[in-house]
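A.B. asks: here is a sequence with its predicted model. Questions after.
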Amino acid sequence: MTHSGSRDGAPILVRRWPRSARCVGAARQELRQELEAWGLGRLAETAELVLSELFGNAVRHACPPRGRQIETRYERAPGGVRIEVHDANENWPELRKATEDEECGRGLLLVDALTGSRWGVSERDGVGKRVWAVVADDDPEPIGSPDVQQRASQ
């Protein structure tokens with residue numbers, strides 16, 4: 001786990017995890033603790049749900065080369081938090097409508113609804129991608145870096 005600051009001094013927490021569904025709960029707990037420390041505990045339930053979907057997708061769908069890990073990055077932002085999940089898979093997730101009889105495939109629709117369409121996918125240093133989402137107090141302005149290459153709401 002690494003604590004650091006962004007260019008503007010905002011707190012950032014970065015951690016690498018084994019590609020295992022067992023790590024999702026630990027990542028949620030870590031996010032909740034960080035949000036409490038930042039005075040953003042009121043956002044914990046929504047942020048944990050968003051993180052669960054993004055991390056779960058990385059575990060299920062991003063079959064990285066053996067030994068690669070999944071990285072989480074939480075950045076404090078005005079009124080909220082930017083959550084990133086990095087993995088070594090080049091395939092980008094897409095927002096899609098699941099049919100009524102499908103049992104899965106609605107995770108990104110949930111992320112889209114919970115974040116007010118403030119999520120997307122972008123390239124990262126090295127192989128793979130970064131999937132990010134912003135959870136904030138009803139702030140209509142997107143919070144995030146200008147490196148966004150795909151907005152999921154397109």
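C.D. replies: Sure, I can see it. Residues are numbered from 1 along each chain as shown.

A.B. asks: CA atoms for contacts and neighbours, from now on please.
C.D. replies: Noted.

A.B. asks: could you give the average pLDDT over stretch 39-47?
C.D. replies: Per-residue pLDDT values across stretch 39-47 average out to 96.

A.B. asks: can you give me the neighbour number for Asn89?
C.D. replies: Other residues lying near Asn89 total 17 when counted by other Cα atoms under 10 Å.

A.B. asks: in this structure it contacts Arg130, no?
C.D. replies: No - using Cα atoms under 8 Å, Asn89 makes no contact with Arg130, being 9.6 Å away.

A.B. asks: okay, and for this protein, where does confidence drop off?
C.D. replies: 1-9, 62-67, 98-105, 139-154 (pLDDT under 70).

A.B. asks: mind redoing it with 90?
C.D. replies: Flagging of the chain using pLDDT under 90 yields the residue ranges 1-11, 16-23, 57-69, 77-79, 88-110, 124-128, 137-154.

A.B. asks: tell me where it has helices.
C.D. replies: 22-37, 44-61, 107-115 (DSSP state H).

A.B. asks: from the chain's centroid, how far away is the second one?
C.D. replies: Relative to its chain's centre, helix 44-61 lies at 7 Å (Cα atoms, centre = their mean, to the nearest Å).

A.B. asks: on that earlier part again, okay, the helices of the chain in CSV with distance to Arg124 and mean neighbour count next?
C.D. replies: Compiled in CSV, those are given as follows (distance: least, Cα to Cα, whole Å; neighbours: other Cα atoms under 10 Å):
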stretch, distance to Arg124, mean neighbour count
helix 22-37, 21, 17
helix 44-61, 15, 20
helix 107-115, 20, 19
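
A.B. asks: turn these into a markdown table, columns for distance to Val14.
C.D. replies: Output for the helices of the chain, formatted as a markdown table (distance: least, Cα to Cα, whole Å):
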| stretch | distance to Val14 |
| --- | --- |
| helix 22-37 | 10 |
| helix 44-61 | 14 |
| helix 107-115 | 21 |
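
A.B. asks: right, and those - which one's nearest Ile12?
C.D. replies: Minimum separation from Ile12 across the helices of the chain (Cα to Cα) falls at helix 22-37, 9.5 Å.
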